[in-house]
Structure formats: structure tokens, C-alpha cells
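Peer 1: Okay, sequence plus prediction incoming.
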Amino acid sequence: MQYKNDNAMPTIFILFGFPFMFCANDHEPIHVHVVKGRIKAKFTLSPVKTVYNKKVVGVGVKNG
């Protein structure tokens, strides 16, 4: 996924240097984007589920 301007998405919080962002007028289901350089991920909030994960590694992070 390509982001033209990551600053257009408000940051909800930052965890371990990774900003969690959202778009207020984005599509359903409600989700957050995590973008840091070439690292990108998207998670739905209810239920919490990984939509996609590009280069995010760590405890508890799985694709799908």
C-alpha cells in the first residue's frame, strides 16, 4: 500500500517508535495503520486482526 502523505493520518499513539494512525473518513471495518519507513501494517480493531503486515516482526504479530 502506498501512502502519499502519512502526516494526513492523525497518530493515536506511538509504541516502541511505531506510530499507530487512522483516517477518520476511511472505509469499514475500523482499523489502524502502522507506518515507519518501509515497515507497514494494518490492523482491524473489532475484532483485533492483522489485515496486512509488511516487515513488522515481533512477539504476537502474525499475518492474517
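Peer 2: Received it, and whenever you're ready, just let me know what you need.

Peer 1: Residue 54: what's it in contact with?
Peer 2: Remark: with contacts taken as CB atoms under 8 Å, 6 or more residues apart in numbering, residue 54 is in contact with 38, 39, 40, 41. Glycine gets a C-beta too; all of them are placed from N, C-alpha and C.

Peer 1: Please disregard the earlier target; I meant residue 55.
Peer 2: Residues in contact with residue 55, defined by CB under 8 Å, 6+ apart, are 38, 39, 40.

Peer 1: ok, the second one touching residue 17?
Peer 2: When you say that, I think you mean residue 39. No: with contact defined as CB atoms under 8 Å, residue 39 and residue 17 do not form a contacting pair (10.0 Å).

Peer 1: between the two, who's got more neighbours?
Peer 2: More neighbours surround residue 39 than the other of residue 39 and residue 17, with 13 against 6 (other CB atoms under 10 Å).

Peer 1: Now residue 10: phi and psi?
Peer 2: Main-chain dihedrals, residue 10, degrees, to the nearest 10: phi -60, psi 140.

Peer 1: For the residue nearest the centre of the chain, list each beta-bridge partner.
Peer 2: Nearest to the mean C-alpha position of the chain, counting by CA atoms, centre = their mean, stands residue 33 at 1.9 Å. Listed beta-bridge partners, residue 33: residue 21, residue 42 (assigned using DSSP bridges).
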